[in-house]
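A.B. asks: Test case, fold it:
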Amino acid sequence: MKIKLGLFMVAIVAIACVGTTVGAEGKEQYTGVEPTADHYHMFGDSPILDKFHNPTEGVTLTLDQRLRFIAGGENIISMDKSKPGNSNYWQYMRNRTRLGAKISVSEDIDINARLMWEWRTYDKPSDSDVDFADVSFDRLNITMRNVFDEPLTVVVGRQDIILGQGWLVLDGTPSDGSTTIFFDAIRATYALSDEKSVDLIYIHNYDDTNQWLQPLGHESEKFYTNGRDERGVILYVTDKSMEDSQLEYYYIYKEDKRSDMNKYRVMNGLTTKVEPDAEIHTFGGAFQHTLDENWSYRVEGAKQFGEKGGAELKGWGTNNRIKYAVNDDKNTTFHVDYEYLSGDNKMGDSSDQGFDPLWGEWPQWGRGGDLSAYLWGGETTVGEVTNLHRLGFGHTFKPAEKWSMDTIYNLMWADENNKATAVPAGNAVPTFNSHGSFRGQMITEYIRYKCCEQLSAHLQVDYFIPGSYYAANSRDNAVFARLNLEYVF
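C.D. replies: I've put the predicted structure just below:
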């Protein structure tokens, strides 16, 4: 009953005044609204709100609330409606509150902190209790600018990091979905010029939530990083010096160690997935260019080598988009995507040719919203997309003032049919075909309406039609839908 009331409240507010700042490129639709020190009065002047945001000199507070209703999730991982359990149907409410603070120690030094609390109420699975999750710091860092009197900015501590379009680096904590995306890291950004910068980043993420900053009210075992303790180094160069173009090139080192949490869960039968140790080196680059007032494109590619699960790793991937803007009063655009992530040929040599998405384990919009991340749950883990050819067609327009709609249609194939011998383990694993490679068709609709500076909402529906990559008993269509409302105080 509670969840139905929550859905009704979200729907009423969304119809009355909803919106989002999400861009069609996709990363914003996952990360959501980012509160800033600037604020907007919806109903005239508000001394109380002004005082809240700036309680004293040098201190700025932010507060935001997200209500997200998940409806559907039908056949979301198993693609077999005959299988029971929550892999086949979900219906629940996510409620996230974040309170942030920035303390300006000096003109060039800030201390940034943010507390996050997300709790959930379930309608289906019916045997799920209300989950009053722990209060955690999803941001706690010190930011120093003009270090050594150089154009150098250093951020030390818990922070969000998004590089490029987020293809390989966006979510440091994929196991909690979009609840948090932080990295425990040191990031140094040096401005070589107004148009060129170099980032050097060190990352040290633990799977266990207790390792760095124990959540407040911690009562149960929780984890962040899909069963791995991770360390990494990133060198990332961004060059905007060329007219109408942007060049990015990078080297990423990532070390995975199987976490104690994963060992515990395997030992106690909570999962069958044994996370492999790995050392991954990735060299890559991206180039985007505006050809004229209508045409633009972005190409990105990366080569990987190293070791994963005791085998030599040698994978590669590419992600590309060409876009056409009509430049009409509806802001109409069309785009075509091609993405390739190499798969591991189990029948070939002893090496692992599968491309590792690194810290790109989030529901990337180009692949088809949230559902695209769950479809690989029976092959790798949720969000870890690999072994893929994707051809996508997209359309965006504004049907009325403040409204916008995105539609994307994807055709997807497996690079290698390497799962035919897999033995299904539980309700969350589909059965695979021995000779098919067509994963299927994904249709996604994303509707948003911007009401004002602070209130935003969207409706997203993903629909997947499985293909010959899956056995006949795992070809039931999958559906995922969500209604999202966010308010920034």
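A.B. asks: Please tell me I have it right and Leu163 contacts Val237.
C.D. replies: No: under the criterion of CB atoms under 8 Å, Leu163 is not in contact with Val237, lying 10.7 Å apart. Any C-beta I mention is one placed from the backbone N, CA and C, and that applies to glycine too.
A.B. asks: so how far is Arg98 from Arg120?
C.D. replies: Using CB to CB, to the nearest Å, one gets 16 Å for the distance from Arg120 to Arg98.
A.B. asks: where exactly do the helices run in the protein?
C.D. replies: Assigned helices in the chain, in chain order: 2-16, 27-31, 47-53, 260-267, 365-368, 371-374 (criterion: DSSP state H).
A.B. asks: I'd like to know which elements the last one is packed against.
C.D. replies: When contacts are defined as 3 or more CB pairs under 8 Å, 6 or more residues apart in numbering; DSSP states H and E, helix 371-374 packs onto strand 438-449, strand 455-466, strand 478-488.
A.B. asks: burial count for Asn54?
C.D. replies: When neighbours are counted by other CB atoms under 10 Å, Asn54 registers 14.
A.B. asks: a markdown table please, covering the helices and strands packed on helix 371-374 and showing mean pLDDT.
C.D. replies: Compiled in a markdown table, the helices and strands packed on helix 371-374 are given as follows (pLDDT from 0 to 100):
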| stretch | mean pLDDT |
| --- | --- |
| strand 438-449 | 94 |
| strand 455-466 | 93 |
| strand 478-488 | 91 |
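A.B. asks: Rebuild these as JSON lines, extending it with distance to Tyr409 and mean neighbour count.
C.D. replies: Formatted as JSON lines, those follow (distance: least, CB to CB, whole Å; neighbours: other CB atoms under 10 Å):
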{"stretch": "strand 438-449", "distance to Tyr409": "6", "mean neighbour count": "20"}
{"stretch": "strand 455-466", "distance to Tyr409": "10", "mean neighbour count": "22"}
{"stretch": "strand 478-488", "distance to Tyr409": "15", "mean neighbour count": "22"}
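A.B. asks: picking up where we left off before, among the helices of the chain, which gets the worst mean confidence?
C.D. replies: Lowest mean pLDDT within the helices of the chain: helix 2-16, at a mean of 39.
A.B. asks: what's the nearest residue to the most centrally placed residue in the chain if we skip its chain neighbours?
C.D. replies: For the chain, Trp362 is the residue whose C-alpha lies nearest the centre (CA atoms, centre = their mean; 3.0 Å). With CB to CB, 6 or more residues apart in numbering as the criterion, Trp362 has its nearest non-adjacent residue at 4.2 Å, and that residue is Asp171.
A.B. asks: From Leu341, how far out is the one you found?
C.D. replies: Counting by CB to CB, the gap between Asp171 and Leu341 amounts to 17 Å.
A.B. asks: Kindly report the same for Gln165.
C.D. replies: Applying CB to CB to Gln165 and Leu341 gives a distance of 15 Å.
A.B. asks: in the sheet, who's paired with Thr238?
C.D. replies: Beta bridges link Thr238 to Ser197, Glu248 when assigned by DSSP bridges.
A.B. asks: neighbours of it, just the number please.
C.D. replies: Around Thr238 sit 19 other residues, with neighbours defined as other CB under 10 Å.
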